[in-house]
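*Asks:* Here is my input, please return the structure:
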Amino acid sequence: KRSIPHVVAIRRADSSSDESRVPDDVIGIRPEQEEAEESDQERVYQSVHHLVKTLRTNAGGRRQHVPASQLISANEASGPMELREDSVSWTDVSAKPLYLIGDEALHLQPGSPYDLHWPMRFSDFNVRSDSGYPAQHSIEAVFNDLEKLWGAAVEQYLEIPPEEFRDYSVVVLIGDIFEQRHVKELINLIVVRMGFEAVIVHQESVCATYGAGLSSACVVDIGDQTVSVSCIDEGLSVQNTRIRADYGGRDVTRCFSWILDKIKFPYRGCDRYGRLDGILLTQLKESLCHMDPDIHGLVMHEFEVHRPGKQIAMYAVKCADEGFKAALGLFYPAMMGLAPYQSLHFSQTTPHDPEDLFADSYFADVQAQIQLAAKVPPKPKPPISNLSTPTHASSGPSGGGPSSAGNGSVCGGSTGAATGNNGSECTNSPRLSPSHTPASVGGIGTNGSSVGVQAPPTPQPDASLKACMERIREVEKLRDEEIPGLDCLVLASIESCQSDELKRRMLQGILLVGGSSMMAGMANTLRARLQIKLPYIIPRMANTTVDVIANPKDQDARFICWKGGAVLSFLDNTQELWIRAHEWLRFGPQLLREKAPFVWA
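*Replies:* Next up, the predicted model:
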């Protein structure tokens, strides 16, 4: 098992040094946002500080608290200890490779003629211009980077040369909230551009239940950049229960660094937004952050600072509950100083793919146009004296033939605008009689009059989920711009289940996965918080006992989803679900409607 940073360094066409084009926050720890109010962050921090002081151990005993003044005095007196010369070196680029991936990209010497590209952000493709990072601004650019990154990773770490890709099949795990057009391009990348034999696509949360040996569970995936919650019922993800929040482990890292500064972190020159120091802070978070009330009192932790070409410097930091407070940021996101672009995402019906003529939205468009045509009166014939001058330009599919008003094409009305295909020509579309000409989008008839039937509205998040989120904001007294904590997201997802029986089963089977869920005491803390808030958010389930499952079968929580994907590839009933290149080139997205092991909608 091996994981690598999802980053690729592309060599510039010109070798000029331009460090401004290479962002320093390469591990994703975001720089402070001017819009973020530090006073709000400090206000929530003080609340968490008082909460931790009132906690007791799991056995009911008192916890030992260390005054901040004592920690400040100890850390101010601490200095570095010089050790041997560091064996870490910058990545060698003397051969001028066109691109580098993973750790090699992160260890490029500052000033190297390479640009760092992060094709994935917030569990999605990096095409969001408001994500706070340099976005590729093009889905094609993202897939070009993924082709380089994945191809090099398979060749370097699995020792499979590109010419042998055709002998291997690929399992791809996607997020619970996805866009159909992105999945389509992903399959095209794997089986057409990279040349693998076949591919099967499934959702991460469902594969997590496979890896844990469960048929149903509320899967809580706490990752590095996002927190995702989804209820799985008998191998299917319930669509209206899917929630994703744009905060995760690296936000805890940034919060931990901010709290360490309060007690005079002894490594004075630490740059939390730099590459190497960012990795160091992540390691400190993994060692010191926890949610276990039995861990208390003064803790001294030694760590080494590595710099290529310099001696190793050893530091010792003394802290107490700083790691506990930072970890609780997952339940109090405002304490982590989230930026405005970090928000909540709910599962909705994705935009219509014009290449998928079997989509429900396509049939809804056609049905709406048929209803429109039935209500629009026939267009009066022009006077004989005007027959020699056409009343409007031809817009029929044949170009120089009759206009759309005369041939009855579903693609457009007299305005020439396509209704179901974003301006592209429809093929194999139902035909209407000349007297039932469809109207254009927006409910305007061919004679310019308004009609009552319009195109289907954009789907909105489930009403029960929205109502539950409003109730959570009232109970938690959250401001409009604040994002609810992890425990509230779990209860909101479960409340969106249709039946009380399903809600009860979800509460009794909450599965924790993801690297940021591995902090000590995470499962017990989440269970206790859910049990306390349950009567206020889901009153009907107040008497239900909450159960949280962590590390099922002593597995590493980071790889449970991947193990589930491996299990999926060997199941007898999934062998017919593999999508092969020749099938994809012939049938396209229709295959996903027939072969995807999840609801393609």
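*Asks:* Now do the strands in the stretch 251-400 of the chain.
*Replies:* Counting by DSSP state E, counting those that start in this stretch, residue ranges of the strands within the stretch 251-400 of the chain are 299-305, 311-319, 344-346.
*Asks:* what helices or strands is the first one leaning on?
*Replies:* Spelled out, that is strand 299-305. Using 3 or more C-beta pairs under 8 Å, 6 or more residues apart in numbering; DSSP states H and E, the elements in contact with strand 299-305 are helix 275-288, strand 311-319. For glycine as for every other residue, the C-beta is placed from the backbone atoms N, C-alpha and C.
*Asks:* Columns distance to residue 492 and mean neighbour count on top of those, output as JSON lines?
*Replies:* Output for the helices and strands packed on strand 299-305, formatted as JSON lines (distance: least, C-beta to C-beta, whole Å; neighbours: other C-beta atoms under 10 Å):
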{"stretch": "helix 275-288", "distance to residue 492": "27", "mean neighbour count": "19"}
{"stretch": "strand 311-319", "distance to residue 492": "34", "mean neighbour count": "18"}
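*Asks:* Break down the stretch 501-601 of the chain into its helices, ranges please.
*Replies:* 522-537, 560-570, 581-587, 590-595 (DSSP state H, counting those that start in this stretch).
*Asks:* In JSON lines: the ones you listed, plus distance to residue 119, mean pLDDT and mean neighbour count.
*Replies:* Shown next, in JSON lines, are the helices of the stretch 501-601 of the chain (distance: least, C-beta to C-beta, whole Å; pLDDT from 0 to 100; neighbours: other C-beta atoms under 10 Å):
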{"stretch": "helix 522-537", "distance to residue 119": "29", "mean pLDDT": "94", "mean neighbour count": "19"}
{"stretch": "helix 560-570", "distance to residue 119": "19", "mean pLDDT": "91", "mean neighbour count": "19"}
{"stretch": "helix 581-587", "distance to residue 119": "22", "mean pLDDT": "91", "mean neighbour count": "14"}
{"stretch": "helix 590-595", "distance to residue 119": "22", "mean pLDDT": "87", "mean neighbour count": "17"}
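*Asks:* Reformat those helices as CSV; add distance to residue 338.
*Replies:* What follows is the helices of the stretch 501-601 of the chain, written out as CSV (distance: least, C-beta to C-beta, whole Å):
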stretch, distance to residue 338
helix 522-537, 20
helix 560-570, 25
helix 581-587, 40
helix 590-595, 34
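*Asks:* out of the ones you listed, nearest to residue 167?
*Replies:* Each of the helices of the stretch 501-601 of the chain was scored for nearness to residue 167 using C-beta to C-beta, and the closest is helix 581-587 (12.8 Å).
*Asks:* Next, give phi and psi for residue 94.
*Replies:* Recorded main-chain torsions at residue 94 are phi -60, psi -30, according to degrees, to the nearest 10.
*Asks:* actually residue 170, not the one I wrote
*Replies:* Dihedral angles of residue 170 (phi, psi; degrees, to the nearest 10) stand at phi -130, psi 140.
*Asks:* Let me know whether it touches residue 195 as I believe.
*Replies:* No: contact status for residue 170 versus residue 195: not in contact, 10.7 Å apart, counting by C-beta atoms under 8 Å.
*Asks:* For these two, indicate the residue with more neighbours.
*Replies:* Neighbours per residue (other C-beta atoms under 10 Å) separate residue 170 from residue 195, with residue 170 holding more: 20 against 16.
*Asks:* What helix or strand is residue 105 located in?
*Replies:* Secondary-structure assignment from DSSP states H and E places residue 105 in helix 102-106.
*Asks:* what mean pLDDT does that helix have?
*Replies:* Helix 102-106 carries an average pLDDT of 89.
*Asks:* what's around residue 480, how many residues?
*Replies:* Other residues within reach of residue 480, judged by other C-beta under 10 Å, total 5.
*Asks:* For residue 343, see how far away it is.
*Replies:* As for residue 480, its distance to residue 343 is 12 Å (criterion: C-beta to C-beta, to the nearest Å).
*Asks:* pLDDT wise, what is residue 171 at?
*Replies:* pLDDT, residue 171: 94.
*Asks:* hang on, I meant residue 181
*Replies:* At residue 181, the predicted lDDT confidence score is 86.
*Asks:* pretty sure it belongs to a helix, no?
*Replies:* Yes: according to DSSP: H, G, I helix; E, B strand; the rest coil, residue 181 belongs to a helix.
*Asks:* quick one on the thing from earlier: pipe the helices and strands packed on strand 299-305 into a markdown table and attach distance to residue 575 per row.
*Replies:* Formatted as a markdown table, the entries for the helices and strands packed on strand 299-305 read as follows, by distance: least, C-beta to C-beta, whole Å:
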| stretch | distance to residue 575 |
| --- | --- |
| helix 275-288 | 39 |
| strand 311-319 | 53 |
